[in-house]
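Chemist: just the structure for this:
(chains A, B, C and D)
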2 protein chains.
Amino acid sequence: MRFETSTIKDIAKALGLSTSTVSRALRDRYEISEETKKLVLAYAEKVNYRANPIARSLKERRSYSIGIIVSEIANNFFSQVINGIESIAYDRDYHVIISQSHESYKQEKLNVEHLASRSIDGLLIALSSETQDIDYLRNLYAKGLPIVFFDRVPEDFETHKVIANNFKGSFDATEHLILSGKRTIAHLTNSENLSITKERLEGYKAALTKYHIEFKPELVKYCQHGGMHSAELEQAVKELLPLNPDGIFISSDRLTTGCIMALKKTNPEIVHKIAIAGFTNSNLVELFSPSLTSVKQPAFEMGQVATELLISMIEAKRSVTEFETKVLDTELVKMVKR
Amino acid sequence: MRFETSTIKDIAKALGLSTSTVSRALRDRYEISEETKKLVLAYAEKVNYRANPIARSLKERRSYSIGIIVSEIANNFFSQVINGIESIAYDRDYHVIISQSHESYKQEKLNVEHLASRSIDGLLIALSSETQDIDYLRNLYAKGLPIVFFDRVPEDFETHKVIANNFKGSFDATEHLILSGKRTIAHLTNSENLSITKERLEGYKAALTKYHIEFKPELVKYCQHGGMHSAELEQAVKELLPLNPDGIFISSDRLTTGCIMALKKTNPEIVHKIAIAGFTNSNLVELFSPSLTSVKQPAFEMGQVATELLISMIEAKRSVTEFETKVLDTELVKMVKR
DNA sequence: AAAAAGTGTGCAAACGTTCCCAAAAACGTC
DNA sequence: GACGTTTTTGGGAACGTTTGCACACTTTTT
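Modeler: Residues are numbered from 1 along each chain as shown, chains lettered A, B, ... in the order given. The predicted structure is shown next:
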């Protein structure tokens, strides 16, 4: 059972031309007479010729495909990023291969290496919350694989990066809680490894400082697995509640929803007494109870920018040495009182 | 800037063997002496040899990749299906290419044709809500592309299909509303084209009949775009409210969340007075206000089953003539009173 | 001791492209 | 009409694999 289709050879034979001529006509390259070009194009159209991308890839030693690694696609932030990536990639005639790390370092490495062996032309990656050792990425990069990081970026890796203004996003959210009268504001966040964790913690601290509220380390809880296991969230919540916070600032999509669920489960009464602000791109926030203040990242745009940078690296004639870190602004969506 | 790696040729040269021998050793095929096999394997390991899948694809005329078309990945039902698909595909050494139709027929067709030209070995597809004409799929199928439908399947297309027990799911949900005392139950559903729309409507009707409630066509509202545009939802809600429903049964993920939002927007008071039951695989239902009764589909399993069927078709020696339609049971998650 | 069977290896073609190089055709110029 | 120049075309190698076939060598059979 095989999938049959006509090739350049078939066209050449049918038209009494050589494959080189047909190839040139189709690709509109080099010197080729208008006449034969039209002839070939017309015939190709007629037999519904589709170039075999595999043969082309083999010859050109590139696949016109880019790999994406996110922790999971069932996360509005990431799926919006992916939409942004696709919007650019398809325009530029690349296709994308999406892989999920499920916040596991092992899975992430496996996926990346699988993609690399699949001859992707470049990689877009947001690190898993477990990832600390990125040597395997360095190796691939050194061998010539273009890589652009987004959202969760490593510090010491010279390449393009695209992130949100995490400091400001956190600052704004925390400030919002303070301005609505909260004073004991907990902070629930991701693994300490992640860039976003550090930056968001700084924003939180800065807001406290501005309003002369003492920073208390015990009010900060880290979740090693990024909230993939409900147990870790429940544990964190259980440790926080005795400190009587009147507000919580949460630093990622998955954590935000997970934390509210954990709160509901642990103490259904308290959940409406604590003000919640968190990073999330969920398009369902309006349905949530309790309602919350959310920090929305420009996810779609982030995907677009990252893809543009990646494609520029892929298509660069000589190796790139000037790298950018693009910082995009977040948006604070204040809780609606009901 | 190119990505370099060692080939079978390099190994052959280094070891003083022919490429055929190396190939056979690596693939563990045919007669080959234990000795040379070990030698080759050891060397390959040492230089970290990775077979070039593109060359292999070209030679074998298959790509070891399967295409997936869903309406959108930012939908828990579909992302769970995708997880199921991946779980099987990766095991069997296939990789997957995901495309989104965004409920648009044009986009769906474009994506499918793009995938086909990318030499996928098979296709898993849930039709878009706009799709009526599937001749383009028939053509590809006739040319030898294996196709398995899931969730949204066409009636008149002889191939494997995997669906949920939509009739029973709807019946259960509607019955639940009736048993909790509702008598004027509206039904908000997808485009009439879709198989799921018909089946779910039948389940809804059957439940009404069982409890001797008259079926009123005006209580059924169809959404042509599957709830992709909030306008169509608001319109539907506006038309329904004057009929004073005391319950609504909604027939898909996107519609369920969209409908609640539209209700909230149109009439924030009423939303807590109408009982809602709907198909959704959202893992955030517990956070929703108002809370609702949900029909959960076995999405992960659906992905798994569909993938197994597809791979069996791909790897079949002779063309398959016996087709199955697998029906998986849904689960009713009753609203928790609070 | 010769024939037959079995085992391991290499040669070379093929998959469908692209593109360098050379050959052929068309055209100008003297 | 001979020559150079330009334009168009074809031949064929290459990309990295897999695999049918042939060959050489070894072992078994008669």
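
Chemist: which bits of chain A sit near DNA strand C?
Modeler: Residues of chain A found near DNA strand C (C-beta under 7 Å from any atom of the strand) are A:7-9, A:19-20, A:23-24, A:26-27, A:29, A:49-52, A:55-56, A:58-60. Quick note: C-beta positions are derived from backbone N, CA and C, even for glycine.

Chemist: among those, which are in strands?
Modeler: When those are checked against strands using DSSP state E, none is located there.

Chemist: within reach of chain B, which of these are there?
Modeler: A:50-52, A:55, A:58 (C-beta under 8 Å from any C-beta of the partner chain).

Chemist: re the thing from before, now, of the residues of chain A next to DNA strand C, which are buried?
Modeler: A:7-8, A:23-24, A:26, A:49-50, A:52, A:55, A:58 (16 or more other C-beta atoms under 10 Å in any protein chain shown).

Chemist: of the residues of chain A next to DNA strand C, which belong to helices?
Modeler: Counting by DSSP state H, the residues of chain A next to DNA strand C place A:8-9, A:19-20, A:23-24, A:26-27, A:55-56, A:58-60 in helices.

Chemist: so how many other residues sit close to residue A:309?
Modeler: Applying other C-beta atoms under 10 Å in any protein chain shown, we find 24 residues neighbouring residue A:309.

Chemist: whichever strand or helix holds it: which residues count as buried?
Modeler: Taking DSSP states H and E as the criterion, the element that holds residue A:309 is helix A:299-314. For helix A:299-314, the neighbour count (16+ other C-beta under 10 Å) marks A:299-311, A:313-314 as buried.

Chemist: counting contacts, what elements does that helix pack onto?
Modeler: strand A:65-70, helix A:76-91, strand A:122-125, strand A:147-150, strand A:161-164, strand A:325-328 (3 or more C-beta pairs under 8 Å, 6 or more residues apart in numbering or on different chains; DSSP states H and E).

Chemist: just for the stretch 1-150 of chain A, where's the confidence low?
Modeler: Within the stretch 1-150 of chain A, the stretches with pLDDT under 70 are A:1-4, A:29-30.

Chemist: ok, 80 please
Modeler: Scanning the stretch 1-150 of chain A for pLDDT under 80 picks out A:1-5, A:28-31.

Chemist: could you do the stretch 201-338 of chain A as well?
Modeler: Ranges of the stretch 201-338 of chain A meeting pLDDT under 80: A:317-320, A:336-338.

Chemist: for chain B, what's the nearest residue on it?
Modeler: When scored by C-beta to the nearest C-beta, the stretch 201-338 of chain A has residue A:289 as its residue closest to chain B, at 3.1 Å.

Chemist: okay but that residue is in contact with residue B:289, surely?
Modeler: Yes. Using C-beta atoms under 8 Å, residue A:289 is in contact with residue B:289, at 3.1 Å.

Chemist: what's around residue A:16, how many residues?
Modeler: So residue A:16, with other C-beta under 10 Å, has 7 neighbours.

Chemist: ok, and what's touching stretch A:153-169?
Modeler: Contacts to stretch A:153-169, defined as C-beta atoms under 8 Å, 6 or more residues apart in numbering or on different chains, come from residues A:127, A:134, A:137-138, A:141, A:146-151, A:195-196, A:199-200, A:202-203, A:206, A:279, A:295, A:297-298, A:302, A:305-306, A:309-310, A:313, A:323-330, A:332.

Chemist: ditto for stretch A:27-47
Modeler: With contact meaning C-beta under 8 Å, 6+ apart, stretch A:27-47 is reached by A:6, A:10-11, A:14-15, A:17, A:21-22, A:24-26, A:49.

Chemist: highest neighbour count among the residues you listed?
Modeler: Using other C-beta under 10 Å as the neighbour criterion, residue A:22 leads the contacts of stretch A:27-47 with 28 neighbours.

Chemist: what ranges do the strands span in the stretch 101-250 of chain A?
Modeler: With DSSP state E, counting those that start in this stretch applied, the stretch 101-250 of chain A shows strands at A:122-125, A:147-150, A:161-164, A:185-189, A:220-222, A:247-250, listed in chain order.

Chemist: can I get the ones you listed in a markdown table with distance to residue A:229 and mean neighbour count?
Modeler: Formatted as a markdown table, the strands of the stretch 101-250 of chain A follow (distance: least, C-beta to C-beta, whole Å; neighbours: other C-beta atoms under 10 Å in any protein chain shown):
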| stretch | distance to residue A:229 | mean neighbour count |
| --- | --- | --- |
| strand A:122-125 | 23 | 26 |
| strand A:147-150 | 25 | 26 |
| strand A:161-164 | 25 | 25 |
| strand A:185-189 | 14 | 26 |
| strand A:220-222 | 14 | 20 |
| strand A:247-250 | 16 | 28 |
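
Chemist: mind checking which of the ones you listed is nearest DNA strand D?
Modeler: Among the strands of the stretch 101-250 of chain A, the nearest to DNA strand D by C-beta to the nearest atom of the strand is strand A:122-125 (18.4 Å).

Chemist: what about the closest one, near chain B?
Modeler: No. Using C-beta under 8 Å from any C-beta, strand A:122-125 stays clear of chain B, with a minimum separation of 9.6 Å.

Chemist: partner strands of that strand, parallel or antiparallel?
Modeler: Next to strand A:122-125 in the sheet, as set by DSSP bridges, lie strand A:65-70 (parallel), strand A:147-150 (parallel).

Chemist: so which of those comes closest to residue B:266?
Modeler: strand A:65-70 (35.1 Å; C-beta to C-beta).

Chemist: just the CA atoms of the closest one, as PDB, please.
Modeler: C-alpha atoms of strand A:65-70 as PDB (Å, rounded to 0.1, in the frame of the first residue of the first chain):
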ATOM      1  CA  SER A  65      11.200  22.200   9.600                       C
ATOM      2  CA  ILE A  66      11.700  23.600  13.000                       C
ATOM      3  CA  GLY A  67      11.400  21.900  16.300                       C
ATOM      4  CA  ILE A  68       9.500  23.200  19.300                       C
ATOM      5  CA  ILE A  69       9.800  22.100  22.900                       C
ATOM      6  CA  VAL A  70       7.300  23.200  25.400                       C
END
